[in-house]
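A.B. asks: Here's my sequence, what's the structure:
(2 chains, ligands or ions: 2)
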Amino acid sequence: MPLYGDGNKDSKGYTYINKFFPRVDAKDKVTGRAKYAADLTLPNMLLGGALFSPYPHAQVTSVNTEKARSIPGVRAVLTFQDLREEVSWGYYTFMSSRLRYQGDVSAIVAAEDGESLAKGLAAIEIEYQELPAVFTVAEALAAGAPLVHEGNEECAGNIWAHSRYRARKGDAEAAFAQCDRLIERVYETLPVEHAYMETEAAVAAPDPTAGLMTVYTGAVNPYFTRRWVADALGVPRAKIRIVQQTVGGSFGGKEELLGLTASRAALLAQATDCPVKMVMSREQSIIASTKRHPFLLKYKVGVNNDGRLQAFQAELIENVGAFHMHEFMNFRASVHAAGVYNIPNVKVDVFGVFTNTVTAGAMRGYSSPQLIFGSEQLYEEVAGELGMDYVAFKRLNMLRPGDENACGQKMESDIILPEILDQVFAATDFERKRAAYREQQDVRRKGVGMAMFYRGCGLGAESPDASAGFVCVHDDGSVMINSGLVENGQGLKTSFTQIVAETLSIPPETIHFIGVDTHTIPDSGITAASRSTVMGAQSVKLAAEELRDYLLATAAMMFHAEPSQVELREGMFRLTGVPDAVIPFQTVCNVHHWTGQQAGVMRWFKPAPLSYDMAAGQGKAFPTYSYGCVVAEVEVDTLTGEVTVERVTCGHDLGTVINHKIVEGQIYGGVLMGQGFALMEGLAVKDGLIRHKNFDTYMIATALDLPEIRVMLFESDDDAGTYGAKSIGEPATEGVAAAIISAVKNATGLTIRQIPINKVSLLTLLNRRSQAAATEDSLAGATEDSPAGAKENPQGAATENPKAGATENPKDKEGGEA
Amino acid sequence: MILRLLLNGKPVTTTIRPEQTLLSVLRENLGYTGAKEGCGVGECGACTVILGQRAVKSCTVLAAQCEGASVRTVEGLAQDDRLHPLQQAFIDHNAVQCGFCTGGFLLTAVALLERDPHPSRREIQEAISGNLCRCTGYVQIIDAIAACAAGEGSGEGQ
Ligand code: FES
Ligand code: FES
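C.D. replies: Residues are numbered from 1 along each chain as shown, chains lettered A, B, ... in the order given. Ligands and ions are numbered 1, 2, ... in the order given. Coordinates of the predicted model:
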């Protein structure tokens, strides 16, 4: 299928999808009418706040709240002693006497205004005993290390039992013995902040009409939030109502701290019988919210001299911090660890390690940006070892239709990656530039690099990818959609509206999408994994199709004809073959209503089951995959270490483009997020304490950091997703950092094995190399910088390109295990 | 103490504490929640309003110093139901995602175009570089402002 755009806009023949339609929520957002949780005010509303831990690991030895409670304006002070149940999901605690990271809370306060709230929190008399702590993977796994979750069998040895996932294919061990070469490498990534612009906020209001409590908040999964709140209050979920507010960005992160904030507000609301608003400051949000998982990526690859990959082994360890609820991430990681390549023998093991530091959670990509960085750099290094061009090497080993991926899933549908590579390379003049940039000696050096990748669409075998969708029509012809999936800013409401418009063949303007209210529609799971348009919209489409059939029957009755003789097209019912026989949608809806016909349909969608064996790490992991390639062009100032990203070209397989401007918007944002991950955003953590607490020190890209971004959208024929759509939210960001690092290598010759790599770290590497050259150090290829456990600072580590032939031996020092 | 403002062209009066920021007065005293708090330290621009002729970060401005000043917020941009051309351009160019930053960008852009009706793309980038957006990658925001500056009332539509 050709590139989208350039005259191909309507190539698939749709009326309301496959084209731009303005976002349905845009007007409320540009006028300031859209309400986010922190914007709400209810009568008698109090403000809530929390007392966070001053230590990375501590035991509260005494707490006295008397003074705090006597402060005028303070209405409630609760501590861990007041809880019926401390522990919630993923071992997180609502409040606790055992504080396992800086984001843990021991007490909460509700007060009439901000001033008394601050005084109340300050007046809590509390004493701590600091406990020995572990911060890095290496420390956590050392013999006799302090345990983060003492006495919990599931966390024995600081390894989270539920996080162990594997992928297996062939026999990697046996294959290593037969290969021409073995190459080992270790890469590492640092924690990254989501930096959604809205911090976590919730308003909890006692509400007998709803059951017990209504919570207004902006969650990535309101049903998870409901579970947190119900657990905190010790009541059935049916008594808790979550009313979703506008979400000010999530990227996967409005989950754990959001759920805890909602729960703490609800505890205070219950104690005071007043509505309580709790809003995290930016500092609290950064300290206590989850981060992109820092990964330690250890690889061993067996390859023959002809360039054919024979065996791939990986041990991928993430530092999950003090708590964790994302075991499924490692399923995705295990399946994707080897990249989009056909390797006959694969052995992948992934697991998470607890430490007393910032917690990790879902963040756009769900492990893929880290893994794509690691494996794409790895393959460049392997090709270098073989003296082969890395692009030729990658093309040689690339997955093709009919091949099996790392878990043995046969690639059944179209793989348009070769086409994407050809077009993206042509558009960027990639090969010519790459060759031209190799031997630069100037201070400012250009570089071009690439990454290619694939991604399983939806949740796949990790958990049921089921969702509810409800569509109903009113007597005036207006239509309402209700779905359990949420608008995070990604454009879900608009895409779903266009999909229903297409199905009913009515203009999108007549359709209204209501936000999630957990009292109105069953749990539809998390709005994540870029699953919504692909899978989540299926239930809405099914409901619209059934509703259309009911309306066709009514129209047929009005025409005195059979339903099969009636069609619904562009808002009009038409009698086939009779040009003048036309009834507007609205008229039929009116009759439909007054004759008592079914006007609303709820449908459930569950994709065909996948046969995946988690214990074996083999089987059909995802219904389908999307493919992509990113080419990055940079300029490196070798005097300052500064990397300027000049141009990023993204080629993505969209299946069907529902709304190209929304897709482009996702890609532009994804590129800048990926750029941050490559170059600026390593969160500084020192001895478990976060140093970057606000945007004055944690820098994200501004408009001045913006490269030229070229988007190339490819369509393909694949009917697994709604109207053939594939995922884009996460693919948009996942290959960008890898491509930028590849470009930096092209410019400087440096192999970078830890990201983000900032200016200072890159300069250090450049300087070290020039010193080494000056002293003619014969060990120039070796380095003392091999990553050792999750580092506690944002310094990047890199090494020089190993000299050819220096690392043939699998016991290669620099790639060796720390 | 008493504070008087000309808020979106209308005189308002409210009682404030001396340490309150303009952002807190707008949101808490006056119910104008279009200005958001994203950082509270002057780094994100979500709280941007126009004070006199200038776009300012209202979280860093003491309300007490605004006595008698004219303040424009995102709520005041549309006239009745007619959107400001920049608002329309933001819609047409898909410059909005989660929307949390949107009001701040709009006011920064309004102040820019009032000062310099025909900025270059680079000047637009510079003008909005104090406003952070994590969703959009800025491209469509710049497109929208540039289209408006070029006199394209309502963008390109399709
Ligand atoms: S809240 Fe004022 S600049 Fe961020
Ligand atoms: S649209 Fe979400 S921060 Fe800008």
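A.B. asks: if I look at the residue nearest the centre of chain B, how far off is ligand 2?
C.D. replies: With distances taken as C-alpha atoms, centre = their mean, chain B has B:Leu107 as the residue nearest its mean C-alpha position (2.5 Å). Distance, B:Leu107 to ligand 2, by C-beta to the nearest ligand atom, to the nearest Å: 14 Å. Any C-beta I mention is one placed from the backbone N, CA and C, and that applies to glycine too.
A.B. asks: Contact residues of chain A facing ligand 2?
C.D. replies: Neighbours of ligand 2 within chain A, by C-beta under 6 Å from any ligand atom: A:197, A:249, A:489.
A.B. asks: which one of those residues has the most neighbours?
C.D. replies: A:Gly489 (31 neighbours; other C-beta atoms under 10 Å in any protein chain shown).
A.B. asks: so how far is A:Lys254 from the nearest residue to that one once chain neighbours are set aside?
C.D. replies: With C-beta to C-beta, 6 or more residues apart in numbering or on different chains as the criterion, A:Gly489 has its nearest non-adjacent residue at 2.7 Å, and that residue is B:Cys98. B:Cys98 is 10 Å from A:Lys254, where distance means C-beta to C-beta, to the nearest Å.
A.B. asks: what do the two both touch?
C.D. replies: Residues touching both B:Cys98 and A:Lys254 by C-beta atoms under 8 Å, 6 or more residues apart in numbering or on different chains: A:196, A:247, A:488.
A.B. asks: Identify, from these, the entry nearest to ligand 1.
C.D. replies: Nearest to ligand 1 among the shared contacts of B:Cys98 and A:Lys254: A:Tyr196, at 13.2 Å, using C-beta to the nearest ligand atom.
A.B. asks: ok so, going back, the residue nearest to A:Gly489 should be in a strand, yeah?
C.D. replies: No: counting by DSSP: H, G, I helix; E, B strand; the rest coil, one finds B:Cys98 to be coil, located in no strand.
A.B. asks: Can you report how many residues lie near it?
C.D. replies: 29.
A.B. asks: Could you chop chain B up by domain?
C.D. replies: B:2-76, B:85-150 (automatic domain parsing).
A.B. asks: need the ones you listed in JSON lines with mean pLDDT, can you?
C.D. replies: Formatted as JSON lines, the domains of chain B follow (pLDDT from 0 to 100):
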{"stretch": "domain B:2-76", "mean pLDDT": "98"}
{"stretch": "domain B:85-150", "mean pLDDT": "97"}
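A.B. asks: Am I right that the residue nearest to A:Gly489 is in contact with A:Val220?
C.D. replies: No: assessed by C-beta atoms under 8 Å, B:Cys98 is found out of contact with A:Val220, at 11.8 Å.
A.B. asks: hey, what's in contact with both of the two?
C.D. replies: Shared contacts of B:Cys98 and A:Val220, defined by C-beta under 8 Å, 6+ apart, are found at A:247, A:250, A:488.
A.B. asks: Rebuild those residues as CSV, extending it with neighbour count.
C.D. replies: What follows is the shared contacts of B:Cys98 and A:Val220, written out as CSV (neighbours: other C-beta atoms under 10 Å in any protein chain shown):
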residue, neighbour count
A:Val247, 27
A:Ser250, 29
A:Asn488, 27
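A.B. asks: does the residue nearest to the centre of chain B count as helix, strand or coil?
C.D. replies: Classification of B:Leu107 by three-state DSSP places it in helix.
A.B. asks: For the nearest residue to it once chain neighbours are set aside, grab phi and psi.
C.D. replies: Nearest non-adjacent residue to B:Leu107, counting by C-beta to C-beta, 6+ apart: B:Thr48, 4.8 Å away. When read as degrees, to the nearest 10, the backbone of B:Thr48 gives phi -60, psi 130.
A.B. asks: was I right about B:Thr48 contacting B:Arg54?
C.D. replies: No: contact criterion C-beta under 8 Å: B:Thr48 and B:Arg54 do not qualify, at 10.2 Å.
A.B. asks: So those two - more neighbours on which side?
C.D. replies: Counting neighbours by other C-beta under 10 Å for B:Thr48 and for B:Arg54 shows that B:Thr48 has the greater number, 30 against 10.
A.B. asks: dump the residue contacts of the more buried one.
C.D. replies: Contacts of B:Thr48 by C-beta under 8 Å, 6+ apart are B:35, B:55-58, B:103-105, B:107-108, B:131.
A.B. asks: What separation is there between it and ligand 1?
C.D. replies: 7 Å.
A.B. asks: can you check A:Arg364 too?
C.D. replies: 22 Å.
A.B. asks: chain center to stretch A:383-399, what's the gap?
C.D. replies: What separates the centre of stretch A:383-399 from the centre of its chain is 29 Å, taken as C-alpha atoms, centre = their mean, to the nearest Å.
A.B. asks: before we move on, what about stretch A:59-70?
C.D. replies: 39 Å.
A.B. asks: measure it end to end?
C.D. replies: 26 Å (C-alpha to C-alpha, to the nearest Å).
A.B. asks: So what touches that stretch?
C.D. replies: Contacts with stretch A:59-70, where a contact means C-beta under 8 Å, 6+ apart, come from A:74, A:76-77, A:79-81, A:97-99, A:106-107, A:109, A:120-121, A:123-129, A:131.
A.B. asks: now with 6 Å?
C.D. replies: Residues outside stretch A:59-70 that contact it (C-beta atoms under 6 Å, 6 or more residues apart in numbering or on different chains) are A:77, A:79, A:97-98, A:106, A:120, A:123-129, A:131.
A.B. asks: Identify the farthest-apart pair in the residues you listed.
C.D. replies: The two members of the contacts of stretch A:59-70 with the most space between them (C-beta to C-beta) are A:Gly120 and A:Leu131, at 26.9 Å.
A.B. asks: out of those two, which sits in the more crowded spot?
C.D. replies: Legend: neighbour count by other C-beta under 10 Å for A:Gly120 and A:Leu131, higher for A:Gly120 (28 against 16).
A.B. asks: Quick check: the more buried one vs A:Val74, distance?
C.D. replies: 4 Å.
A.B. asks: Quickly list what's touching both of the two.
C.D. replies: Common neighbours of A:Gly120 and A:Val74, counting by C-beta under 6 Å, 6+ apart, are A:Ala111.
A.B. asks: Looking at the stretch 101-250 of chain A, which residue is nearest chain B?
C.D. replies: A:Gly248 (3.3 Å; C-beta to the nearest C-beta).
A.B. asks: part of a strand, is that residue?
C.D. replies: No: under three-state DSSP, A:Gly248 falls outside any strand and is assigned coil.
A.B. asks: Please identify the most buried of the domains of chain B.
C.D. replies: Comparing the domains of chain B by mean neighbour count (mean count of other C-beta atoms under 10 Å in any protein chain shown), domain B:85-150 ranks first with a mean of 24.
A.B. asks: does ligand 1 sit close to it?
C.D. replies: No: using C-beta under 6 Å from any ligand atom, domain B:85-150 stays clear of ligand 1, with a minimum separation of 7.8 Å.
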